Structures are given as structure tokens and as C-alpha cells.
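*Asks:* predicted structure and sequence below. I'll ask about it afterward.
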Amino acid sequence: MTKPFLAVDNLVVDYHVPGGTFRAVDDVSFSVDKGKTIAVVGESGCGKSTVAKALMRLVTPTSGSITLDGTDIASMSEAKLRPLRSKFQMVFQDPYGSLDPHMTAQEIVAEPLKLQGIRSKAERHAAAAKLIDQVGLPVRSLEKRPSEFSGGQRQRIGIARALASKPELLVCDEATSALDVSVQAQVLRLLKSIQDETGITYVFISHNLGVVQEISDTVMVMQKGKLVELGTTESVLTTPKEDYTRKLRRAALDPSTMTGLKPRHVVRSLALANQ
Ligand SMILES: Nc1ncnc2c1ncn2[C@@H]1O[C@H](COP(=O)(O)OP(=O)(O)OP(=O)(O)O)[C@@H](O)[C@H]1O
């Protein structure tokens with residue numbers, strides 16, 4: 001049996017809070033194969049972003065292991081981690097705040113290329129042009145600054161920046177939440193086509209079960225830092241085993257919640273519907 005590309009075992013993350021610690025992630029284990037997508041869902045504050053931050057080693061796990069392509073990065077020193085960092089990248093929720101407003105798209109996308117040691121400006125420019133084209137923006141966009149783009153376009157630039165270091169794992173933390181539904185569908189379609197092309201593995205953090213239904217192969221449901229349910233997207237969303245998942249699903253099927261889960265008999269790709 002082939003080993004999963006990412007295996008998280010018994011992950012615990014405590015935050016220091018006044019007077020002690022707060023356990024934000026409590027003994028969570030999951031894995032994802034290369035080229036596949038796992039979605040992490042749950043109510044606000046359940047620990048989704050903390051899992052994402054632990055995978056990126058933006059927070060240091062209290063205990064447990066995070067094995068990425070055979071290497072446990074959970075307690076690795078920053079010095080050892082540095083050369084591996086290009087392997088895992090993150091796309092953030094806020095396409096407005098996550099790009100430096102003073103930089104051009106060229107500078108934003110080319111920055112990781114510089115860090116990779118691509119010295120020639122012409123080479124960096126050519127690589128940035130290729131990336132911007134890959135995310136479906138015209139090459140002339142490279143001269144513009146973030147304020148000149150729409151939210152969806154900014155998120156494409158954020159994706160191009162993340163892809164610049166040729167990551168094997170991309171963690172998307174609510175990457176489409178700030179976008180309206182049709183732009184969300186375009187970005188999801190883009191992420192899917194990049195995955196088909198490159199075999200990249202995704203961890204998709206989302207509170208939106210409609211998005212999860214579109215993008216993921218497996219789903220992990222979290223509540224108060226703990227794993228509640230883990231299974232294929234089809235089984236978790238259509239025949240959930242746990243009451244909490246059923247509750248989330250009911251809320252998502254309620255049109256007033258705007259979380260967009262479509263009932264089984266009308267399940268059809270949001271992306272296709274918007275083509
Ligand atoms: N730096 C921190 N220090 C202390 N507590 C924190 C810190 N960051 C997060 N928390 C707490 O940890 C818990 C999990 O937070 P986290 O951001 O991971 O949740 P989430 O599921 O991503 O929420 P949301 O969907 O609202 O972004 C929350 O109770 C939060 O208040």
C-alpha cells in the first residue's frame with residue numbers, strides 16, 4: 001500500500017492564554033493521498049485554522065506528528081524546516097489584506113522565485129508571466145497593483161504566488177469565502193485544473209459545505225478542537241454518521257444560512273453550472 005502524502009497523527013495544539021493553556025486542537029488524525037483534497041469543516045472556533053497553521057508550522061504543535069512526504073515536520077527546528085518550506089504553501093481567506101498594496105503583481109509573484117535563488121530578473125519575469133497565465137490572468141496584469149484588481153483576481157494572484165515555489169501541498173484557508181458565488185466557482189475550477197495538471201495535494205479549510213462538496217475527496221468534521229467524523233465527501237455529506245455533522249448539514253441545506261450545500265438529487269457541479 002502506498003503511504004499517504006500527508007499524514008497527521010494525534011495532533012495537539014495548545015495556545016498560551018492568561019492563566020494557562022487552551023487546547024485548540026485535541027488529538028486529531030487524518031491523512032491525504034498525493035493529488036487529492038481533504039476538506040476540514042466545522043463551526044467557527046472549532047480549530048480549523050489552527051490545523052492549517054500547524055501544517056504550515058506557523059504554530060508549533062504541542063504533540064503529535066505531521067508527516068509530509070515521509071518527513072515528520074511537527075517538531076522540526078526552523079533551520080531544518082527552511083529548505084522544505086517551499087513544499088507547502090498557503091492561500092489565505094482575505095484577497096484584500098493578504099497582498100502588499102505597494103507591490104506590483106510581478107513583484108508579488110516573483111518574490112518566492114527570488115527566494116528560490118532565481119537570480120536573473122528576465123528569468124523571474126518569464127516565470128511570473130507563466131504563473132499569471134496559469135491562473136487565468138493576462139500577462140499585462142503583472143504591472144498592476146492589488147487595488148486595481150477585483151477580489152477574484154486578487155485571489156488568483158495569491159494562488160500564483162503560492163504556486164511560484166512549486167509546492168506539493170497547498171493549504172487553502174477559507175480561500176474562496178470572501179468571493180461571490182460565481183467568482184468562487186471560477187476559483188474552485190482553477191484550483192481543480194491546477195491539481196489535475198500538477199498532482200498537487202490540497203487541504204481545504206472551509207465552513208461552506210457547498211464548496212467542500214465541489215472540491216474535496218474526503219472531509220474531516222471538527223468540533224471544539226476534536227475530530228467528529230472523517231470519510232469520503234460523498235458519505236459524510238450525504239449519509240453523515242454523527243449528530244453534529246447532521247446538524248451542520250441541516251444548517252447548510254437551509255437557504256437562509258447561505259452555505260450552499262445542494263441536496264443529493266440536485267447535486268451538480270457548481271463549477272459546471274457556472275461555466
Ligand atoms: N493565538 C491564539 N491564542 C489563544 N487562543 C487562540 C489563538 N488562536 C486561536 N485561538 C482559539 O482557538 C480556537 C480555534 O481557533 P481557530 O482559529 O483555529 O478556529 P476556526 O475553526 O478556524 O475558526 P473560524 O472559522 O472562525 O476561523 C478558538 O477558540 C480561538 O479563539
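*Replies:* On my side now, so go ahead.
*Asks:* in three-state terms, label whatever residue of the stretch 101-250 of the chain ends up closest to the ligand for me.
*Replies:* Relative to the ligand, the nearest point of the stretch 101-250 of the chain is His207 (5.5 Å; C-beta to the nearest ligand atom). C-beta: built from backbone N, CA, C; applies to glycine. Here His207 is coil, with the state taken from DSSP: H, G, I helix; E, B strand; the rest coil.
*Asks:* list, one by one, the residues from this protein near the ligand.
*Replies:* 15, 17, 22, 24, 42, 44-50, 207 (C-beta under 6 Å from any ligand atom).
*Asks:* run the last query once more with 5 Å
*Replies:* Tyr15, Ala24, Ser44, Gly45, Cys46, Gly47, Lys48, Ser49, Thr50 (C-beta under 5 Å from any ligand atom).
*Asks:* check contacts around Asp72.
*Replies:* Asp72 sits next to Ser65, Ile66 when contact means C-beta atoms under 8 Å, 6 or more residues apart in numbering.
*Asks:* for it, give its distance to the ligand.
*Replies:* Distance of Asp72 to the ligand, computed by C-beta to the nearest ligand atom, to the nearest Å: 22 Å.
*Asks:* all the strands of this structure, in order from the start?
*Replies:* In the chain, the strands defined using DSSP state E lie at 6-17, 20-32, 37-41, 63-68, 71-72, 88-91, 169-173, 201-205, 218-223, 226-232.
*Asks:* mind listing the strands the fifth one pairs with, and their directions?
*Replies:* Paired with strand 71-72 in the same sheet, following DSSP bridges, are strand 63-68 (antiparallel).
*Asks:* mean confidence for the strand it pairs with?
*Replies:* Averaging pLDDT along strand 63-68 gives 97.
*Asks:* what sits up against that strand?
*Replies:* By C-beta under 8 Å, 6+ apart, strand 63-68 touches 5-12, 27-29, 54-55, 57, 72-74, 84, 87-88, 168-169.
*Asks:* in that strand, what counts as buried?
*Replies:* Neighbour-count burial for strand 63-68 flags Gly64, Ser65, Ile66, Thr67, Leu68 (criterion: 16 or more other C-beta atoms under 10 Å).
*Asks:* with the residues you listed in mind, which one is nearest to Ile157?
*Replies:* Leu68 (25.5 Å; C-beta to C-beta).
*Asks:* beta partners of that closest one?
*Replies:* Under DSSP bridges, the beta-bridge partners of Leu68 are Leu6, Thr71.
*Asks:* taking the residues of the chain next to the ligand, tell me the two that lie furthest apart.
*Replies:* Tyr15 and Ser44 (16.0 Å).
*Asks:* higher neighbour count, those two?
*Replies:* Between Tyr15 and Ser44, Tyr15 has the larger neighbour count (other C-beta atoms under 10 Å), namely 13 against 7.
*Asks:* sorry, back to before: for the residue of the stretch 101-250 of the chain closest to the ligand, which residues are in contact?
*Replies:* By C-beta under 8 Å, 6+ apart, the contact list for His207 reads Val41, Gly42, Glu43, Ser44, Lys48, Glu174, Ser177, Thr259.
*Asks:* number of nearby residues for Arg119?
*Replies:* If we define neighbours as other C-beta under 10 Å, then Arg119 has 9 of them.
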